[in-house]
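here is a sequence together with a model predicted from it:
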Amino acid sequence: MQIQWYPGHMTKARRAMQEDLKLVDLVMELTDARAPLAGRNPDIDKLAAGKARMIFLNKADLADDQATLAWMDYFRKKGITPIRLDARKTNFKKAVVDGVKIACQEKIERDRRKGILNRPIRAMVVGIPNVGKSTFINSLAGKTAAKTGNKPGVTRGNQWIKIDKQLELLDTPGILWPKFDDEAIGMKLACVGSISDEVLNMQEIAYHLLSYGKANYNQLFEARYGAVPQPDDERDNEIVLWMENIARQRGCLKRGAETDFDKVSAQITDDFRSGRIGKVSLEVPKQA
Ligand SMILES: Nc1nc2c(ncn2[C@@H]2O[C@H](COP(=O)(O)OP(=O)(O)OP(=O)(O)O)[C@@H](O)[C@H]2O)c(=O)[nH]1
């Protein structure tokens with residue numbers, strides 16, 4: 001799949017984030033629990049060097065729980081505090097504040113030795129598009145969160161949101177660009193919706209989802225779409241036949257008979273993105 005990017009946007013977003021990073025102690029990175037590696041931009045490791053780090057496996061409500069546990073282990077081993085998350089909920093503040101204490105232990109100790117007690121940790125949220133950054137900030141901030149002014153950062157239009165007496169959050173997230181080192185990464189990002197649909201080929205995405213689903217989550221996919229058909233003719237492609245069956249079941253037909261591949265592909269992709277197929281992850285950590 002060919003995907004075009006706009007270096008102008010990328011450079012601007014990167015510069016804005018570099019400025020904001022100077023103001024914070026802690027970087028809260030959001031990634032998609034269904035594809036945690038594809039959903040990151042590895043540049044963040046360099047950009048956030050020297051900062052405390054947390055990673056949030058967001059949209060965990062849509063991901064395979066076993067895979068998410070394996071990813072938590074993976075990130076913990078890399079020294080990054082992981083938290084699994086459904087950012088639309090509002091019940092995770094305590095888990096976040098507790099995680100911040102672990103991630104920022106060194107800074108808190110350093111402050112304590114200098115006699116500085118209870119100085120709030122300053123954090124910012126970063127992540128690629130559509131990963132849930134705004135939802136997370138809004139849920140964490142809640143209705144009662146007070147915005148604090150008169151501090152660096154505010155001059156650029158940013159505000160600090162007081163989450164807790166120990167935690168202040170920049171209200172504007174840093175946007176990381178997804179990085180396509182290979183086509184497989186691009187495809188995973190397309191599946192989860194982190195790339196604008198206008199530049200994507202929906203049929204390729206749906207084809208990929210069905211092939212992947214058949215190989216890895218056969219029960220869930222067959223429960224939703226019926227059994228994978230066995231081709232009578234070996235030249236037929238079972239995934240295409242499956243798509244045709246699904247189109248027939250759902251009335252995705254052109255002129256009453258022909259399969260409307262665009263329409264059925266959009267439905268399959270939407271089913272996956274909204275969790276109607278079930279909890280499905282697109283990658284698991286490689287065995288050590
Ligand atoms: N199922 C599920 N959906 C979520 C979760 N978090 C966010 N969403 C949905 O994902 C979509 C994108 O969320 P946003 O908060 O706008 O994402 P963002 O990272 O700020 O997006 P950009 O503004 O494009 O950078 C919205 O439709 C949210 O409702 C989650 O944990 N679970």
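Nice, I can see it.

show me where the protein has strands.
For the chain, the strands defined by DSSP state E cover 26-32, 52-58, 81-84, 121-127, 146-148, 160-164, 167-170, 174-175, 253-254, 258-259.

out of those strands, which one sits most buried?
For these, average neighbour numbers computed from mean count of other C-beta atoms under 10 Å are highest in strand 26-32, which has a mean of 27. C-beta here means a position set from N, CA and C on the backbone, and glycine is covered the same way.

and residue 224, how many neighbours does it have?
Close neighbours of residue 224, defined as other C-beta atoms under 10 Å, add up to 16.

circling back: mean pLDDT lowest for which of the strands of the chain?
Between the strands of the chain, the one with the least mean pLDDT is strand 146-148; it has a mean of 48.

thinking again about what came up before, got a markdown table for the strands of the chain, with distance to residue 242 too?
Output for the strands of the chain, formatted as a markdown table (distance: least, C-beta to C-beta, whole Å):
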| stretch | distance to residue 242 |
| --- | --- |
| strand 26-32 | 26 |
| strand 52-58 | 30 |
| strand 81-84 | 32 |
| strand 121-127 | 34 |
| strand 146-148 | 51 |
| strand 160-164 | 47 |
| strand 167-170 | 45 |
| strand 174-175 | 37 |
| strand 253-254 | 16 |
| strand 258-259 | 11 |
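
to residue 204, which of those strands lies closest?
In terms of C-beta to C-beta, the element of those nearest to residue 204 is strand 258-259, at 15.7 Å.

up against the ligand, what does the stretch 151-288 of the chain have?
By C-beta under 6 Å from any ligand atom, the residues of the stretch 151-288 of the chain that approach the ligand are residue 175.

quick one: contacts for residue 97?
Going by C-beta atoms under 8 Å, 6 or more residues apart in numbering, residue 97 touches 163, 164, 166, 167.

what's the closest non-adjacent residue to residue 178?
Nearest residue to residue 178, sequence neighbours excluded (C-beta to C-beta, 6 or more residues apart in numbering): residue 128, at 4.6 Å.

show me the two of the contacts of residue 97 that sit farthest apart.
Greatest spatial distance among the contacts of residue 97 (C-beta to C-beta): 163 and 166, at 8.4 Å.

and of the contacts of residue 97, the nearest to the ligand?
Distance to the ligand across these (C-beta to the nearest ligand atom) is lowest for residue 163, with 16.9 Å.

separation between the residue lying closest to that closest one once chain neighbours are set aside and the ligand?
Using C-beta to C-beta, 6+ apart and skipping the chain neighbours, the partner closest in space to residue 163 is residue 169 (5.4 Å). Shown here: residue 169 relative to the ligand, a distance of 14 Å by C-beta to the nearest ligand atom, to the nearest Å.

dump the contacts of residue 97 to JSON lines, plus distance to residue 178.
JSON lines is the format used below for the contacts of residue 97 (distance: C-beta to C-beta, whole Å):
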{"residue": "163", "distance to residue 178": "27"}
{"residue": "164", "distance to residue 178": "31"}
{"residue": "166", "distance to residue 178": "32"}
{"residue": "167", "distance to residue 178": "28"}
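
can you pull out the helices in the stretch 151-288 of the chain?
Secondary structure of the stretch 151-288 of the chain, counting by DSSP state H, counting those that start in this stretch: helices at 183-192, 202-216, 218-225, 238-250, 261-273.

quick one: contacts for the residue nearest to residue 163?
With C-beta under 8 Å, 6+ apart, residue 169 has these contacts: 28, 122, 123, 124, 125, 137, 140, 141, 160, 161, 163.

so in terms of bridging, what pairs with it?
Beta-bridge partners recorded for residue 169 (DSSP bridges): residue 123, residue 161.

picking that back up, please convert the contacts of residue 169 to CSV, extending it with distance to residue 60.
Converted to CSV, the contacts of residue 169 look like this (distance: C-beta to C-beta, whole Å):
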residue, distance to residue 60
28, 15
122, 26
123, 20
124, 21
125, 16
137, 17
140, 16
141, 20
160, 27
161, 23
163, 20
